[in-house]
Each structure stands twice: as structure tokens, then as C-alpha cells.
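1. pasting the structure only:
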């Protein structure tokens, strides 16, 4: 075995590689030193896998999950005596998470909500989650060190600071979350309108999205600004979404030129299925169908009996827990002047109107957004669904028979009122591969490495024990479900990490990070020195404490 | 006389510090100590040359004492240490460090030495 | 050549990152800005009670061992044990804690940290009831009321007040003038000395905290008048002021101490306190109330997080066949039941901390001690493996009392042949895996 993994030859498989426009072609895949190659440099030690009658696809990529953070530990703490949680979710230990992701064909995950102060915790967890490659997004929505820069519209200074933060924390991108709502910290009083100025800051909350989006574009980070809409699963969330869409229209940033290696979007909307809780998704569908600047991930609902709530959205949490008043066992933590985190459990029920809407929205958007490269499959794991629901979810997308069967005992009001309940459209298999693999890679700006099978890409591959060409995806959905339940091979950087039932955990993944465009120390120090002062004045630690002292071998910098 | 014993943490009577850097005599002086209210001092008929014998069902120990008018009557405070742990105990799998009923008397015997305590712990060694 | 460095102190769980040291190639010459506890930590480097070689106790007393022999001895003792305990772990880095968990898994041990008999009890109760917590920067910038309940911060975490009380925050520009303090204790501890005229000193009769919390719960709901004679030794006027503070402050942080943990009612005082916090957060329209746990050891919180992410449990983990299994035991019950045949003690001194009855049982079985200085446990232990001092002689990650991760750095070289906890535990694990 070579140092960088096997030299592998996967022969005669049916290949789906949307990036290269290969849709179900019989083709050999050659892997040398962990990379997909056209030709082997030597013919020694080549291991062959016969993939005759099997389907070969890139490994899956999760663009939005919450698996490595302090908050995850609050969930574990809350669940420690919960039988259901321990048996169905394996207490969500690091090892369990890695195994479940590999079983579902994933090799890359994005932890989507990390406060800079707690970044070290996430990085430490990353190192202890084997096999998977990982990246994290820093949540800067309530980041007071940037208050005056936002007010004075010093976008370039903001960009410089973000770049320095990312390089210190080893972050990959940024998340904008309920901008500056933490000026009020009461649970009963929530702000009325994100279009108004704050009490303690002198700009509109909505402007923060715009400023950050511009800053990310200055830095040309691999991934766009990752936007969370305040008040998701809530009618206020819809209004806030509409405000943001309007704001983006006004922004008039030039559309990015589409290259293979880079993303198209300038704004990513997180779990977009949770934003129109009235079940009417026209705002998103129309916008995306006319505009390539935005993309969305859809967090599918698996209707699990117990589902962790991992959120930082006070409005969402206050609402869902009117339960807050009834249900007391919430773990709430406010973090270093950077925002809150809320943890608890809930149950998704097929007879609950709202839960069905969340489910239906994901499918509605997946079917009706025309350009599938603007959509990414996610579960907001573990917030909306368990990873082992994926095979079932896939059938809802590929087969109307599967979907209608599942809908049989859903909430009546939902079935009567919501159009998705009668929509007979489905995705084709190639669309599914775009949603789950290629599009997340593109949106994250990682298509040079991930989500495709072209020469030079990292050899992250799934082999399914099914010949997609020979089945009717609508009727034979059980076969598809089975093929995804038992993915025969999962290959990561050329290593076989899963073969049938056997999962190998001795491979260490990388932490992907980026600081974007290069700035000179001189340019940086002008801005950073001021930030140091801010930290000295208002923080419990010095700015330099954000430095992450980890071995380079764990890191991969994306330029 | 029956009193309530509370173990506490004091920066100048910290067993961690004592173990770290000091001589055994110094340690004994700083950890084998109880703090009581002057009124209790009178009630116990103490004189400065006496020591306190503290006991309950769980064990007993002899320590020095200091008077401190801030301490409420009927309460004896001791720094967390081997000495205090002669009378602490376990209830429902928890160690009870506070509000421990003890009997306190004056004594002419010297404070319990560290090696006596260690011998006590070792004595049943199998 | 001497140089000046800004370093992080691992003297207590506050992990102050503003300590200045002046050092040369070999040693630290001067320490500026550290508190008494911090200085003590640095004094460990050259303490005459420092352990500088592996030691083994046989009939002839303590014998110095070569490292290789000592490690073999350790492996032999561990392999002979069927029910090992691993205990301590609050004064080692997170990296080392992960290794200790791996060793526990390998040898089917019961592993527990000091937190079990300390602040960890809060988390155990929070796992059933939930909790609202906060961190230091939050308190600096937002808190206008800090409540010390049964904890003497000035002597246990000496510099905490200078961070959270005597500081100016972004939303609390006037600093101490707007930050009020309530201390509840059975006597006037050293912490009371910082109190000003607007602050509220509550001297409560021992073991009656729970009564006070219950009464406050009734009072903040609004349908209750305090009895004229007061309760638990507290004046009616003070109770009224307490209530007013709770209802009118915008950002309240309660620092609960051992006194609440040790109520004879067995945890009920904590439950009542968590309920009071919940209640206030539900009825208050002008702010928030949170708890800040104030454990003392510099990485006690770290173990809770490491254990949670590796096993789904924060403490008291029993491994069997390499899996963590359900267990209602904690370190105390394991010892009390004599359900062990070896204890591996890492960076702590249970012999000094446990009641006599427990120490006696603990000392009746072999003890492997991994630590850097002599202690009560040192005097009893069978095999002693010394290590370097984390945060001074080796680096590592630790979690501050408010669950914020802080990096500790290596400042000077350890004494010759002394390795870090991490290196030592790794060697033990490697040899066990062989």
C-alpha cells in the first residue's frame, strides 16, 4: 500500500459525474496516491475492484451540519439518560458520527455554526473525528468587534479582519446569524423588524448581511457568505427572508463568472425549507430561477422520534418552546459576547401540520428550482434528521410512488392545502448526485478537490451495488433505498474506508480552512491593532488567544 | 459540645499549596486548624494553649484553633484537608463536606500529626 | 539572554492569559501579575516536594525505578487488574484526557473526574432540568448583578472579581458603579470585603439556602409577602431588596458554590436554584439570569467535554468490552462497594480529599499515581510515575471555568527524563496495545 492510499482501479462501473457531464457511462476510474488519474505512472501494486453492474458516484458532501461544537456536548448531556437517544443516535459520540457519515457515503462535512471563542473546541473535536474531511464556518452575526466598521461601511477593513480571524481560528468561511440581535438578551422580548436600526448600534440589522457578503467577495473566499434567516420555522422568518431577498436585489453585485473550480453564488441560504412556514415557496423559487447569485441547502425532515435541537436563533427557540414555558430542560448558553446557543430535543410527527410543511418545502424546492446546482441536500444534521434517514429521503425525491406512499398518513390540512402533496414530479438520478455531491462541492468552492470524478480530484468515491440503468427509479425505489443503505464501497483519498459492513476508522481526515485573498502584514496590522484594543477592553482574553496551535498535518489550506 | 463543622477553601490554608512547597510542620500548622467564634471559645472553656478535639461517628482529630468573630456561633470551619476529612462522610454516594455534626472539646493533647493520619489510612491495608 | 513573555496561568480554572514572565534558557526568573494561586503553580517547578523519578513501593519501602522498568511494572499491575478505576484528570490537558479515556476503554476501567464530587453535580442535574449558563465576556459586558451563593471567590479563584466585577463593559461603561453584588454565605468570608453600600450581604443560617430559594421563587411571582421576622436569619428588608434586585436587574449571573452542592437534601438546593433561574427567565421582560459554575481545577471542565464527545457521558463512565455501559455508580460508590482492584490516580490527591472511610478502602488496593508532586496519595501509592507540569513544561488545551477553550503553552523544559502526561499516557496505551 502506498503512503497516500491504494492504487486502485475501479473497472467497468456505471459512472455518474455531473461535473464532467458524465451521466451513466461505463467507465474505469483510476486512482493513484489518493488522486483520480488518467493513467497510472507505474503498474505495480494496483488493486482492482470489479464494478460491473455497479454504480459509481462521487462521495457525498455535507454543506451544513452541527456535529463538532460545545453545543453538541449540551445535546449529549441532555440525552445521557435518554434511552431513545442512546439507542437511536448512539449518544452522538465522535466515533458514532464518523461511522454514520461514512456509512451514508460522506467524506466531507461542514460544521456550520462556530463562535470564534469556541473554535478551538471544534478543531479539537475535528481531530478526534476520524476519516472525514471537515471545515467550519465562523458565526459572526453578533460580532461586536465589527460594530463600528459596519456602521462606517468599512467593508475592506471588515474583510481584512475576517481574513485574520479565519487564519487564527482555522475557519473556512463565515456564517451570518441573526445580526446583532444580542443587544437584547431577554427571552420574552424579541426585536420587531430587522429593517430597523438597533438600540445600541447605529445601522439596520439587515445591512449586516450585505456588508458581510461584500467582505467575503473582497476576500474571494471559497464559500460564499452563509446566511441564516432569523426566525426560521416562523412567519417572521418569512418576512426576514423577503427583506434579505430584496436587499440582495439592491446589492447589484455582478454575477460571478462561472468557472468549474469556483462557486457561482454570493449568498447561501441555510436550510431554506424552514423559511416559508406557510408552505408557499414562490419567493425562493422565483428568485433562484431568475438569479444565479443565491443558492440554498434543503434540510430534509426524517420524522425521527427524537431529534436534537441545535440552534442559536432566539426567536425560533422562544417560539418552539412556547414550549420554553412548558418545557424546562433547555440548555441555554451565551457565548463570549458572540451569541447564544440553545439545545433540547423534539419529535417530528407526520400528523403535525408544521412538521409536514417543513418536509414538503424541502421537496417542493428540490423539484421546482430549475438549476439543480443551486440546491444542496442537507439534514442540518442532527437538527432535522438522522443520517440513516437518507436512503428513505432519496426515494421521496426519485420516486413519486415512494413519496405518495409515505404521505398516506400525513396531516390532513397539509395534504389538502399544500401543492406539493399532489405534485408528481421527481428528480432523476443525476439530479440527485448533483444535490448530494457535486453541488455542495461547488457551493463550497471545493470542486477542484471534491464532488467529482475528473482527473486530479481527490479520490472520494462511493460504489453502489446497483445498476441504475437497469431499474425504474420510480417503481423500484426499494432497490435504491437498499443500495444507499448498504453502500458497498466508500473510498476516501484512495483509501477504502468502507467495504460492505466493514468500516475502517484509522484514516485521519484534514481540516480545510481559508483566509481568502492575501493581504500584506502592513495592511493587516492597521486593522488588527484596533481589534486587539477592542479585545483588551471588552474580552475576557486577548485577541491572540484565538490562535489555534495545531499540527500542520491536520490542516489543508484552500487558496 | 456539639457544633456544626463546615469545610472551606482558604487561600492561606490551602492543602494544595502546603503539599506543594512546605515542610510537614508548616503543613500541620496550616491545615490542622479550626476556626471558631470567640463566644464558643468561652463556652468550651478554652485557653490559648489548648487544642480542639473534634469527633463524630466517622472519626476524630485534634487540631489547633483560631478565634474569628465573623464566624457564627456553633459553627467550626476547617480548611479542606486530611485533617478535616477525619470527620467528613459519605451519604447517597456524595461526600458531605458541609454542615457536619461534630463534638468539640478542649484537649491538652497535641494536634494530630500527618504521619498518624497516614498510618490510620494504611492500617487496614490488606 | 532573558526574555519577557505573556503566558497563560494554569493555577486555577480562570486560566488568566495576562501573566508576564521573565525567563532565560533554563528557568523562569520573574512572574508578574499572577495571584497567590498562580505563583504557587510556578513554585511547583522547583518545589522540594516535586517527584523526579519513577518510584515503586515494596517491602523495603520506596525504590527508584528506571523508566522502562517502571512502565513495565505499570503494565503488569494494570493487566493483573480486573476492575481498575481511573480517577482525577482535572489537572491534565484535554489531549491527555482523551488518552486516559482510550486507556479506560482498552482496560475496561471505570473512569471518573474530580468533577463528580464538585461542580459536575450541576451538570448532572442540568442534564435532567436544563440550565442557562454564561461566560466571562458576557458578564464583563452585560451583567449588572453578580450573586455569589456559598462560594468564597476571593480565596478560591482570586482574580475572578477583577475580571467580572471591577471591569467596564461595552454595555456597562461605568463598571463597578453599575455592577451590583449579592453574597449569600453563612459567615462574612473574605469576599465580603469588596462590598459597597449598594451591595447586599446575606448571612444565612447553615443548610437553609434551600428555604431562601423557595421563598424567593414565591416572592418573584408576586403573590407573597415575606414574614416580618424574616427567614433563615435574614431580615425582611434584605429579602425585599434581594427580590427587587432579581426582578429589576438586566443581566444577572449567579455563581453557585460547594455550599449548595452539599445540602443534606441531596441536590435539591441545586434543583430549586435552577427552577428559580428558569422562573425568572420566564417572567422577566427586562433581562436574563444565568449561572456560572466555578469549579477550581484548571481543566475540570475539559474532562466533561472530552468525556461527552467520546462517550456521551460527562463523568462516571464504566467501560465493558470496550464500550461504555450504563452505570449508576460514581467514584465514591465504586470505592465504598469495594468494586475495584486497582486505582490509577492522575493529577489529584484523593487520599487528602476523601473522607477517612473512603481513603482507607482506596488504600487497601494497589494505586498507580501519575502526578508531579508529593501528596497524601503519594504516601500510600504503590507505583508513582512523575510527569511535567502542563502549562509550564508542556502545552495542551484546557477549558476555562466557563467552558471556553484556552491553549496552554510550553514555557520551559521539564526536568530531565520527566515527560508530559500526554507522552506518558501514550506510552502506557502503546504498551497495552502491544
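-> That came through, no problem. Predicted model only: the values in this text are computed from it and were never measured. Numbers count the residues shown, from 1 in each chain, chains lettered A, B, ... in the order given.
2. What helix or strand is residue B:102 located in?
-> In this structure, residue B:102 is located in strand B:100-107 according to DSSP states H and E.
3. So what touches the helix or strand that that strand is followed by?
-> Next along the chain after strand B:100-107, taking DSSP H and E as the criterion, comes helix B:114-122. Applying CB atoms under 8 Å, 6 or more residues apart in numbering or on different chains, the external contacts of helix B:114-122 come out as B:24, B:27-28, B:61, B:82-83, B:86, C:351, C:356, C:359-360, C:363, C:376, C:379-380. (C-beta placed from N, C-alpha, C; glycine too.)
4. Identify the residue nearest the residue positioned nearest the centre of chain B in space, chain neighbours excluded?
-> In chain B, the centroid-proximal residue (CA atoms, centre = their mean) is residue B:84; its distance is 4.3 Å. Excluding the flanking residues, the one nearest residue B:84 by CB to CB, 6 or more residues apart in numbering or on different chains is residue B:78, at 4.1 Å.
5. Okay, the one you found and chain C: tell me how far apart.
-> 13 Å (CB to the nearest CB, to the nearest Å).
6. What is the burial count for that residue?
-> Neighbour count of residue B:78, defined by other CB atoms under 10 Å in any protein chain shown: 30.
7. pretty sure residue B:50 contacts residue B:106?
-> Yes - between residue B:50 and residue B:106 there is a contact under CB atoms under 8 Å: 4.1 Å.
8. residue ranges of the strands in chain B, please?
-> B:2-8, B:33-36, B:51-56, B:59-67, B:75-79, B:89-91, B:94-96, B:100-107 (DSSP state E).
9. Figure out how far the fifth one is from the centre of its chain.
-> I take that to be strand B:75-79. In terms of CA atoms, centre = their mean, to the nearest Å, the centre of strand B:75-79 is set 7 Å apart from its chain centre.
10. Provide the contact partners of it at residue level.
-> B:3-10, B:13-15, B:30-31, B:33-37, B:40, B:52, B:54, B:63, B:68, B:71, B:84, B:102, B:104, C:186-187, C:206.
11. Please spell out the ChimeraX selection for the buried subset of the contacts of helix B:114-122.
-> Per 16 or more other CB atoms under 10 Å in any protein chain shown, the buried members of the contacts of helix B:114-122 correspond to this ChimeraX selection:
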select /B:27,28,61,82,83,86 /C:351,356,359,360,363,376,379,380
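12. So which of the contacts of helix B:114-122 are in helices?
-> The helices, defined by DSSP state H, take in B:24, B:27, B:28, C:351, C:356, C:359, C:360, C:363 from the contacts of helix B:114-122.
13. For chain A, name the helix or strand with the lowest mean pLDDT.
-> Ranking every helix and strand in chain A by mean pLDDT, DSSP states H and E puts helix A:322-326 at the bottom, with a mean of 53.
14. hang on, the earlier thing: how much space between the residue nearest to residue B:84 and residue B:18?
-> 14 Å (CB to CB, to the nearest Å).
15. Quick check: which ranges of the chain have low pLDDT?
-> If you meant another chain, say so; for now it's chain A. Chain A contains residues with pLDDT under 70 at A:1-6, A:252-255, A:257-258, A:322-327.
16. my bad, chain C
-> Across chain C (using pLDDT under 70), the flagged ranges come out as C:263-267.
17. so what secondary structure elements neighbour the longest helix along it?
-> If you go by DSSP H, chain C has its longest helix at helix C:268-283. With contacts defined as 3 or more CB pairs under 8 Å, 6 or more residues apart in numbering or on different chains; DSSP states H and E, helix C:268-283 has these neighbours: helix C:120-129, strand C:131-133, helix C:209-221, strand C:251-256, helix C:258-261, strand C:288-291.
18. how many neighbours does residue A:419 have?
-> 12.
19. how many other residues sit next to residue 92?
-> All of this refers to chain A. 23.
20. looking at chain C here, not the other one
-> Residue C:92 - counted by other CB under 10 Å - has 32 other residues nearby.
21. Also the one 3 residues further on?
-> When neighbours are defined as other CB under 10 Å, residue C:95 has 22 of them.
22. Work out for me the element it sits within.
-> Judged by DSSP H and E, residue C:95 forms part of helix C:94-106.
23. so who does the residue in the stretch 151-300 of chain A that chain C sits nearest to touch?
-> Residue nearest to chain C within the stretch 151-300 of chain A: residue A:185 (4.7 Å; CB to the nearest CB). Counting by CB under 8 Å, 6+ apart, residue A:185 makes contact with A:334, A:340, C:142, C:251, C:287, C:288.
24. just residue A:335 next, same as before
-> A:70, A:115, A:117, A:118, A:341, C:135, C:138, C:404.
25. quick one, phi/psi of it?
-> Note on residue A:335: its backbone torsions stand at phi -110, psi 110 [degrees, to the nearest 10].
26. Who does it form a beta bridge with?
-> According to DSSP bridges, the residues that bridge with residue A:335 are residue A:339.
27. Do you have the helices of the stretch 301-450 of chain A handy? List them.
-> With helices called from DSSP state H, counting those that start in this stretch, the stretch 301-450 of chain A shows them at A:314-320, A:322-326, A:353-368, A:390-398, A:400-407, A:412-417, A:429-433, A:439-443.
28. From the rest of the structure, what touches the longest one?
-> Contacts of helix A:353-368 with the rest of the structure, by CB under 8 Å, 6+ apart, involve A:233, A:272-279, A:281, A:284-285, A:296, A:298-301, A:303, A:348-350, A:375, A:377, A:384, A:396-397, A:403, A:410-411, A:413-414, A:418-421, A:423, A:425-427, A:435.
29. for the first one, same thing?
-> Identification of contacts with helix A:314-320 by CB under 8 Å, 6+ apart yields A:178, A:181, A:187-188, A:190, A:230-234, A:236-237, A:309, A:311, A:324, A:330, A:340, A:342, A:346.
30. 10 Å instead?
-> A:178, A:181-182, A:184-191, A:228-237, A:240, A:274, A:309, A:311, A:313, A:323-325, A:327, A:330, A:332, A:339-344, A:346, A:354 (CB atoms under 10 Å, 6 or more residues apart in numbering or on different chains).
31. now the fifth one
-> Outside helix A:400-407, the residues within contact range by CB under 10 Å, 6+ apart are A:303, A:350, A:356, A:359-360, A:363, A:392-397, A:399, A:414-415, A:420-426, A:472-478, A:480-481.
32. Quick check on the contacts of residue A:185: which are buried?
-> Using 16+ other CB under 10 Å, the buried ones in the contacts of residue A:185 are A:334, A:340, C:142, C:251, C:287, C:288.
33. tell me the secondary structure for residue C:112?
-> For residue C:112, the assignment made with DSSP: H, G, I helix; E, B strand; the rest coil gives strand.
34. who's in contact with it?
-> By CB under 10 Å, 6+ apart, the neighbours of residue C:112 are C:85-89, C:104, C:120, C:303, C:307, C:315-318, C:329-332, C:334.
35. The closest residue to it other than its chain neighbours: how many residues sit nearby?
-> Sequence neighbours aside, residue C:331 is the residue nearest to residue C:112 in space, at 4.0 Å (criterion: CB to CB, 6+ apart). Neighbours of residue C:331 under the rule other CB under 10 Å: 28.
36. quick one, what contacts residue C:331?
-> Contacts of residue C:331 (CB under 10 Å, 6+ apart): B:93, B:95, C:85-88, C:110-114, C:116-117, C:315-316, C:340, C:343, C:350, C:354, C:358, C:362.
37. Show me which of the residues you listed are buried.
-> Buried among the contacts of residue C:331 (16+ other CB under 10 Å): B:93, B:95, C:85-88, C:110-114, C:116-117, C:315-316, C:340, C:343, C:350, C:354, C:358, C:362.
38. Name the residues of the stretch 1-150 of chain C found near chain A, please.
-> The stretch 1-150 of chain C has residues C:6, C:8, C:14-18, C:94-95, C:98, C:123-124, C:126-142 near chain A, with proximity defined as CB under 10 Å from any CB of the partner chain.
39. Show the buried residues in those residues.
-> C:8, C:14-18, C:94-95, C:98, C:123-124, C:126-127, C:129-142.
40. Serialize the strands of chain B to JSON lines and add fields for mean pLDDT.
-> As requested, those are exported to JSON lines (pLDDT from 0 to 100):
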{"stretch": "strand B:2-8", "mean pLDDT": "93"}
{"stretch": "strand B:33-36", "mean pLDDT": "96"}
{"stretch": "strand B:51-56", "mean pLDDT": "96"}
{"stretch": "strand B:59-67", "mean pLDDT": "95"}
{"stretch": "strand B:75-79", "mean pLDDT": "95"}
{"stretch": "strand B:89-91", "mean pLDDT": "92"}
{"stretch": "strand B:94-96", "mean pLDDT": "89"}
{"stretch": "strand B:100-107", "mean pLDDT": "95"}
